[in-house]
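K.L.:
Quick check, what structure comes out for this input:
(chains A and B)
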Amino acid sequence: AQSVTQLDSHVSVSEGTPVLLRCNYSSSYSPSLFWYVQHPNKGLQLLLKYTSAATLVKGINGFEAEFKKSETSFHLTKPSAHMSDAAEYFCVVSRAGDMRFGAGTRLTVKP
Amino acid sequence: DSGVTQTPKHLITATGQRVTLRCSPRSGDLSVYWYQQSLDQGLQFLIQYYNGEERAKGNILERFSAQQFPDLHSELNLSSLELGDSALYFCASSVGATSGNTIYFGEGSWLTVV
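P.N.:
Presented below is the predicted three-dimensional model:
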């Protein structure tokens, strides 16, 4: 069985400051890990994915995530938040077609 | 635009009724997935089809069924609807069926059961 836990349901940052969205996973095997973003009334858009290649994964819009097997974590970071980053973010673990979504983290960006 | 098309975008129906949600995957994608997103249960995987065959099953109720047609479009049928079925239903697609494939999501079909 596999699961994913997003440690914060809501994160609030000021524009221009760093973003950290935390995700821990549980999987019996080497999983694939993804971060998706959902803007209001929109579908989910892939930010980045990890599939056992480089542990530091760069995604779109300046986001990146680091796979740390020893900590079973896949935290999402961005050096400088932009107002347009305000959205819901989902961490996803996938193995053999079974995708498990985290509960989501709502990111608020203050001017 | 992900290339995944879902219809209808919004649907309001009464309890006990049956509805069909339709999904056209991205061109070239063989896998189709259905997800349900609700406030209390979050985003839940329902079912996956790959090239017309059921590939994986998640938390799909017996009142719900899906299929993927030879042209690869998919339909999700929801019957004997209850108030709790009100949710946003997403379709997604990917080229293959394995865990490393990137999954692209449609914009969803909002279902309201009254």
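K.L.:
okay, which residue is most central for chain A?
P.N.:
A:Trp35 (3.8 Å; C-alpha atoms, centre = their mean).
K.L.:
remind me which residues of the chain are low pLDDT?
P.N.:
I went with chain A, as the question did not name one. Residues of chain A that meet the criterion pLDDT under 70 lie in A:96-97.
K.L.:
oops, chain B please
P.N.:
Applying pLDDT under 70 to chain B picks out residues B:99.
K.L.:
related to what we said a few turns ago, please report how far the residue nearest to the centre of chain A lies from chain B.
P.N.:
12 Å (C-beta to the nearest C-beta, to the nearest Å). Just so you know, the C-beta spots here come from the backbone N, C-alpha and C atoms, and that holds for glycine as well.
K.L.:
Is that residue bridged to anything, and to what?
P.N.:
Beta-bridge pairing for A:Trp35 (DSSP bridges): A:Leu48, A:Cys91.
K.L.:
Surely it is in contact with A:Leu48?
P.N.:
Yes. A:Trp35 is within contact range of A:Leu48, at 5.5 Å (criterion: C-beta atoms under 8 Å).
K.L.:
Next, the contact list for A:Arg95, please.
P.N.:
By C-beta atoms under 8 Å, 6 or more residues apart in numbering or on different chains, the contact set of A:Arg95 is A:2, A:27-29, A:31-32, B:99.
K.L.:
For the residue nearest to the centre of chain A, give me its contacts.
P.N.:
Contacts of A:Trp35 by C-beta under 8 Å, 6+ apart are A:21, A:23, A:46-49, A:59, A:63, A:65, A:74, A:76, A:89-92.
K.L.:
go on, A:Phe90?
P.N.:
A:6, A:35-38, A:44, A:101-102, A:104-105, B:43.
K.L.:
neighbour-wise, which of those residues leads?
P.N.:
Neighbour counts for the contacts of A:Phe90 (other C-beta atoms under 10 Å in any protein chain shown) peak at A:Leu44, which has 28 neighbours.
K.L.:
Quick check: that one vs B:Ser24, distance?
P.N.:
17 Å (C-beta to C-beta, to the nearest Å).
K.L.:
Quick one: the strands in chain B, in order.
P.N.:
For chain B, applying DSSP state E gives strands covering B:5-7, B:10-13, B:19-24, B:31-38, B:42-50, B:53-57, B:64-68, B:74-78, B:87-94, B:104-105, B:109-113.
K.L.:
Hmm, B:Thr5 and B:Cys23 touching each other?
P.N.:
Yes. Counting by C-beta under 8 Å, B:Cys23 does reach B:Thr5; the two are 7.1 Å apart.
K.L.:
intersection of neighbour lists for those two?
P.N.:
With C-beta under 8 Å, 6+ apart as the test, B:Cys23 and B:Thr5 both reach B:Gly106.
K.L.:
Isn't A:Thr108 up against A:His10?
P.N.:
Yes. Here A:Thr108 reaches A:His10: they are 7.0 Å apart, a contact under C-beta under 8 Å.
K.L.:
Looking at these two, which has the bigger crowd around it?
P.N.:
Comparing A:Thr108 with A:His10 by other C-beta under 10 Å, the one with more neighbours is A:Thr108, at 13 against 10.
K.L.:
partners of that one in the sheet?
P.N.:
As for beta bridges, A:Thr108 partners with A:Ser12 under DSSP bridges.
K.L.:
can you check B:Leu78 too?
P.N.:
Applying DSSP bridges, one finds that B:Leu78 bridges with B:Val19, B:Phe64.
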